[in-house]
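K.L.:
Turn this into a structure:
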Amino acid sequence: MGMQRSLPAERILGRGHPRVDAREILTKYGTVIALLLLVVVASFASPRFLSPVNLMNVLRQTAIVGVLGIGMTFVILTAGIDLSVGATLALSAVLLAGTLDATGNIWLAMAAALLVGAFVGLANGLGVTLGRVQPFVMTLGMLGIARSLAFLYTKGEPIPVLEMDFLKLGIGYLWRIPVPSIVFLALLAVAAFALHYTRFGRSVYAVGSNEEAARLSGISVGRDKVLVYVISGLTAAAGAILYTAQFAAAPAIAGEGYELDAIAAVVVGGTSLFGGQGGVVGTFIGALIIGILSNALNLMGVSPFAQPLAKGALIILAVLLVGRGRRS
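P.N.:
The predicted structure is shown next:
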């Protein structure tokens with residue numbers, strides 16, 4: 001008798017359904033699952049969490065970090081980093097407030113903020129590409145420069161903003177939704193379209209996946225790297241507009257620590273620090289997770305000195321999961 005060929009267990013038992021891979025599910029939908037679990041835990045931890053007023057506050061508070069996270073996503077997708085976004089926000093905010101105080105022209109003031117943000121981003125991009133300075137070092141240096149310039153401009157005193165038409169950008173509502181949240185969602189939609197439906201977006205992923213291969217395929221790597229830092233600077237300036245309108249003042253310490261929250265939102269949202277993997281939709285979910293976590297900890301009366309511990313643990317866990325998913 002010849003040797004019988006063994007049949008797979010699925011065929012013997014009459015079951016040919018593919019096996020569900022829990023690791024694959026966690027890799028694909030881990031951030032969504034984490035967001036839902038966090039909402040459930042927060043709602044049980046504090047009865048005030050699900051109140052309409054508190055949910056609107058969460059959306060408003062998430063908007064600024066979320067806007068910064070959009071630009072940070074572009075940079076990290078190219079395997080870069082931008083530590084200067086918080087300081088860029090401060091410099092843009094004080095120049096916006098100073099211009100508004102001097103001219104009374106809202107559009108001119110916002111244009112000045114965006115111009116400053118773009119200039120800082122351009123300096124970062126040129127330093128990384130032409131100067132061949134490591135992104136961490138270049139943007140860390142720019143953090144100090146921008147923050148110092150903000151203090152020099154204000155002499156350490158916050159600049160108040162009293163123009164009500166401008167303040168509506170920070171404290172107003174449209175269709176019962178906070179205006180900052182609408183701005184965040186609009187920028188998110190533009191960024192998602194740019195990343196997934198334009199040649200520039202495909203180039204960003206290519207540069208982050210394999211820079212040398214992207215260069216050999218004809219992609220202008222240096223130009224695209226400069227552009228992503230300019231985008232990061234512009235989104236930092238957009239965050240400055242929302243910050244100034246929300247708090248009715250522009251202090252030189254504005255945005256302090258925001259760079260860490262922005263990076264956390266991007267990484268928790270599934271974008272790899274090695275580049276080439278992720279997107280702004282994940283950043284949106286990551287920003288919500290960071291915002292809800294901060295809000296829940298505040299409602300539970302957790303000390304603000306202990307809150308960075310939870311955020312830090314969340315970042316480490318997200319990096320571990322993304323790295324494991326990438327290897328698998």
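
K.L.:
Every contact and neighbour count from this point should use C-alpha atoms.
P.N.:
Fine.

K.L.:
Please enumerate the helices of the stretch 51-200 of the chain.
P.N.:
Per DSSP state H, counting those that start in this stretch, the stretch 51-200 of the chain carries helices over the ranges 52-77, 85-103, 106-129, 135-154, 164-171, 179-197, 199-209.

K.L.:
buried set for the last one?
P.N.:
Okay, so that is helix 199-209. By 16 or more other CA atoms under 10 Å, the buried positions in helix 199-209 come out as F200, G201, S203, V204, Y205, A206, V207, G208, S209.

K.L.:
repeat for the third one
P.N.:
Of all the residues in helix 106-129, those buried under the rule 16+ other CA under 10 Å are 106, 109-129.

K.L.:
for the first one, same thing?
P.N.:
Of the residues in helix 52-77, those scored as buried under the neighbour-count criterion (16+ other CA under 10 Å) are 56-77.

K.L.:
Next up, the contacts around T154.
P.N.:
By CA atoms under 8 Å, 6 or more residues apart in numbering, T154 lies in contact with V94, P251, A252.

K.L.:
so can I have CSV of those residues showing distance to G218 and pLDDT?
P.N.:
CSV is the format used below for those (distance: CA to CA, whole Å; pLDDT from 0 to 100):
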residue, distance to G218, pLDDT
V94, 41, 96
P251, 45, 95
A252, 43, 94
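
K.L.:
Identify, from the residues you listed, the entry nearest to L50.
P.N.:
Among the contacts of T154, P251 lies closest to L50 (CA to CA), at 32.0 Å.

K.L.:
What residues does the closest one make contact with?
P.N.:
A90, A93, V94, T154, G156, E157, P158, I159.

K.L.:
shouldn't the fifth one be in contact with A252?
P.N.:
Yes. Using CA atoms under 8 Å as the test, G156 is close enough to A252 to be in contact (6.6 Å).

K.L.:
higher neighbour count, these two?
P.N.:
A252 (28 against 12; other CA atoms under 10 Å).

K.L.:
Specify the local secondary structure of A296.
P.N.:
helix (DSSP: H, G, I helix; E, B strand; the rest coil).

K.L.:
mind listing what it touches?
P.N.:
By CA under 8 Å, 6+ apart, the residues touching A296 are A42, A45, S46, F49.

K.L.:
Drop anything exposed from those residues.
P.N.:
Buried, going by 16+ other CA under 10 Å: A42, F49, out of the contacts of A296.

K.L.:
Out of the contacts of A296, flag the one nearest to F247.
P.N.:
Relative to F247, the closest of the contacts of A296 is F49; by CA to CA it sits at 22.6 Å.

K.L.:
got the phi/psi numbers for that closest one?
P.N.:
phi -60, psi -40 (degrees, to the nearest 10).

K.L.:
Skipping adjacent residues, who's closest to G125 in space?
P.N.:
V226 (4.0 Å; CA to CA, 6 or more residues apart in numbering).

K.L.:
now the host helix or strand of the one you found and helix 85-103, what's the angle there?
P.N.:
Taking DSSP states H and E as the criterion, the element that holds V226 is helix 221-247. Interaxial angle, helix 221-247 versus helix 85-103 (axes from the mean of the first three to the mean of the last three CA atoms, to 10 degrees): 60 degrees.

K.L.:
In contact with L108, which residues are there?
P.N.:
Residues near L108 by CA under 8 Å, 6+ apart: T99, L100.

K.L.:
Ignoring the adjacent residues along the chain, who's closest to the spatially most central residue of the chain?
P.N.:
What sits nearest the mean C-alpha location of the chain, by CA atoms, centre = their mean, is G69, with 1.2 Å. Nearest residue to G69, sequence neighbours excluded (CA to CA, 6+ apart): A262, at 4.6 Å.

K.L.:
Give the burial count for the one you found, as a bare number.
P.N.:
Neighbours around A262, by other CA under 10 Å: 29.

K.L.:
Please report how far it lies from I106.
P.N.:
Distance, A262 to I106, by CA to CA, to the nearest Å: 27 Å.

K.L.:
give me the low-pLDDT residue ranges for the stretch 51-200 of the chain?
P.N.:
Along the stretch 51-200 of the chain, the model assigns pLDDT under 70 to no residue.

K.L.:
Any chance of JSON lines for the helices of the stretch 51-200 of the chain, columns distance to A313?
P.N.:
Shown next, in JSON lines, are the helices of the stretch 51-200 of the chain (distance: least, CA to CA, whole Å):
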{"stretch": "helix 52-77", "distance to A313": "18"}
{"stretch": "helix 85-103", "distance to A313": "21"}
{"stretch": "helix 106-129", "distance to A313": "29"}
{"stretch": "helix 135-154", "distance to A313": "21"}
{"stretch": "helix 164-171", "distance to A313": "31"}
{"stretch": "helix 179-197", "distance to A313": "26"}
{"stretch": "helix 199-209", "distance to A313": "26"}
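
K.L.:
I'd like to know which of these lies nearest to G269.
P.N.:
helix 52-77 (9.7 Å).

K.L.:
name the helices or strands packed onto that closest one?
P.N.:
Using 3 or more CA pairs under 8 Å, 6 or more residues apart in numbering; DSSP states H and E as the contact test, the elements touching helix 52-77 are strand 177-178, helix 179-197, helix 199-209, helix 221-247, helix 258-268, helix 280-299.
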